[in-house]
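Chemist: Sequence plus predicted model, see below.
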Amino acid sequence: MPVPRQRPVTHRRPAGEVGRGRPGRALAVLAATGLILWGVLAGVAVRPATAATPAPAQGPDAAPDPDAGAAEPGQASGPGFRTQSAALLVMDAASGRVLWAKNADEPRHPASISKLMTLLLTLEAIQAGQIRLQDQVTVSPRAQGTPGSTAFLEVGERITVEDLIKAVAVASANDACVALAEYISGDVGRFVQRMNRRAQELGLTRTRFVDPHGLTDQPGNRMSARDIAVLSRYMIQYHPEILRYTSIWEDWLRKGTDREFWLTNTNKLVAWYEGVDGLKTGLTDESGPSVVVTARKGDDRFIVVVLGSPDSNTRWREASRLLDWAFASFDSIPIAQRGQVLRTVRVAEGRRLEVPVTVEEAFGVTVPHGEGGRVRWTLEVAEPVPAPVVPGQRVGRIVARDGDKEIAAAPVVAAQAVQRAGPPTLLARLFGWTWPMR
């Protein structure tokens, strides 16, 4: 599928940002300085006029704000500029480490960011063989009547699952969400129950869904910035194919039919910021402009969540600057992917003498920029592992170190089953016989 991309100047400053220079302020400060000097020479204590004291800067180049946010325990200090959005978070996608956050656990209205769960359930249904990308979905009256952003679906129209995914991921189409929910679960209510059940399974403790698209205001959908980052990282790890759709800047919907429709991504950073390939925007009256964005450069991939910005320009500006800070300050070191065979370990009294091992989840570390070359990793396994061995059984751990300092560790599990050998096989091994014995 063609994925047209347009990438203007990298890190372009969105329209509407003000410049840095303020000549009026400089003149006011100069006048105040002269007034103070005159007072000293005259022997009179003079307090500068209130109007001459610069107000706290609010722009993108403002001084650090001690109340703007906080690094997670053991992390570096924050990005060093004043933020205006209600909640923000920066996560390393490789390690899952939160690098900086502000109000990360406060449940807020995520608006269309909640569509990430709709997309996840769709991709999981495809993976399970429940539905296929090329299945034809018949549009219902409820889907057509969904307000807000739309793919202009019509009752009785037949459209593929893949086109519905594209409409949700690129244009944030609410009608496409309803069509997918009905096709997967039979009706919207059952699909929403499935959304909430999956949220619990993923440990999203500050998340609640009441619809598949995020339109409902209070009391309604709720997600915290941390939950959004965790869900985003899970999708990138387990369903990286989502990035094929969220990275589309512009493309056709229903290509080759008499109802072709041109889509443009609601996530402007796909075009404005080099390396951005997802994930989702959100905007309602209650939520304010919001976005979860991910970008990759080399081995580094970071996830940034921005919720409740005062305006869209602030949303793009703060997301861009947090990505700038993450790429400039940290090295993301992916070490092992889920399912990747790390090596084989010996098995005692098994039908096979060895079993391959892997990690339960993607494993990586985050280090200060320029220190990635110092990271080394080792496997710690008590060999031989006694049979029987079942897939997913923990047999040891993988440890990342910086010199002698342990900086991260994760469980190592068996990738396959090994049954216990029978007496004939064990006897054959005892005497060094080499023919196959089962």
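Modeler: Thanks, I have it. Numbering: from 1, shown residues only.

Chemist: Residue 399 is in contact with residue 375, correct?
Modeler: No - look at residue 375 against residue 399 with C-beta atoms under 8 Å: they stay out of range, at 10.9 Å. All C-beta spots, glycine's among them, are computed from the backbone N, C-alpha and C.

Chemist: just for this structure, where's the confidence low?
Modeler: 1-77, 425-426, 428-429, 431-438 (pLDDT under 70).

Chemist: Show me how it divides into domains.
Modeler: Split into domains by automatic domain parsing, the chain comes to 24-52, 87-330, 337-430.

Chemist: Identify, out of the ones you listed, the most deeply packed stretch.
Modeler: domain 87-330 (a mean of 20; mean count of other C-beta atoms under 10 Å).

Chemist: How far away from the center of its chain is that one?
Modeler: Centroid separation for domain 87-330 versus its chain: 10 Å, with C-alpha atoms, centre = their mean, to the nearest Å.

Chemist: from here on, count from 58
Modeler: That works, and once the first residue is 58, the last one we named lands at domain 144-387.

Chemist: Only alpha carbons, please: show stretch 464-484 as CSV.
Modeler: Extracted in CSV, the C-alpha atoms of stretch 464-484 (Å, rounded to 0.1, in the frame of the first residue of the first chain):
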residue,chain,number,x,y,z
ILE,A,464,21.2,-0.8,35.8
ALA,A,465,18.3,-3.1,34.7
ALA,A,466,17.2,-6.8,34.7
ALA,A,467,14.3,-8.9,33.4
PRO,A,468,13.2,-12.5,33.6
VAL,A,469,14.4,-15.0,31.0
VAL,A,470,11.9,-17.8,30.0
ALA,A,471,11.9,-21.0,28.0
ALA,A,472,10.8,-20.6,24.4
GLN,A,473,9.8,-24.2,24.0
ALA,A,474,8.6,-27.2,25.9
VAL,A,475,11.0,-30.1,26.9
GLN,A,476,9.4,-33.2,28.2
ARG,A,477,11.2,-35.4,30.8
ALA,A,478,13.1,-38.3,29.2
GLY,A,479,12.0,-41.9,29.9
PRO,A,480,14.2,-44.5,31.6
PRO,A,481,15.5,-46.0,28.3
THR,A,482,16.8,-42.7,27.1
LEU,A,483,18.4,-41.9,30.5
LEU,A,484,20.0,-45.4,30.6
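
Chemist: From the chain's centroid, how far away is it?
Modeler: 34 Å.

Chemist: Regarding residue 163, what is its secondary structure?
Modeler: Following DSSP: H, G, I helix; E, B strand; the rest coil, we place residue 163 in the coil state.

Chemist: Could you report the separation of it from residue 322?
Modeler: 28 Å (C-beta to C-beta, to the nearest Å).

Chemist: ok, and the closest non-adjacent residue to residue 152?
Modeler: The spatially closest residue to residue 152, leaving aside those adjacent along the chain, is residue 421, at 4.4 Å (C-beta to C-beta, 6 or more residues apart in numbering).

Chemist: if I pick that neighbour, what's in contact with it?
Modeler: 149, 151-152, 389-393, 465 (C-beta atoms under 8 Å, 6 or more residues apart in numbering).

Chemist: Most widely separated two among those residues?
Modeler: Taking C-beta to C-beta, the two most distant members of those are 149 and 393; they sit 14.9 Å apart.

Chemist: Thanks again, I'm all set now.
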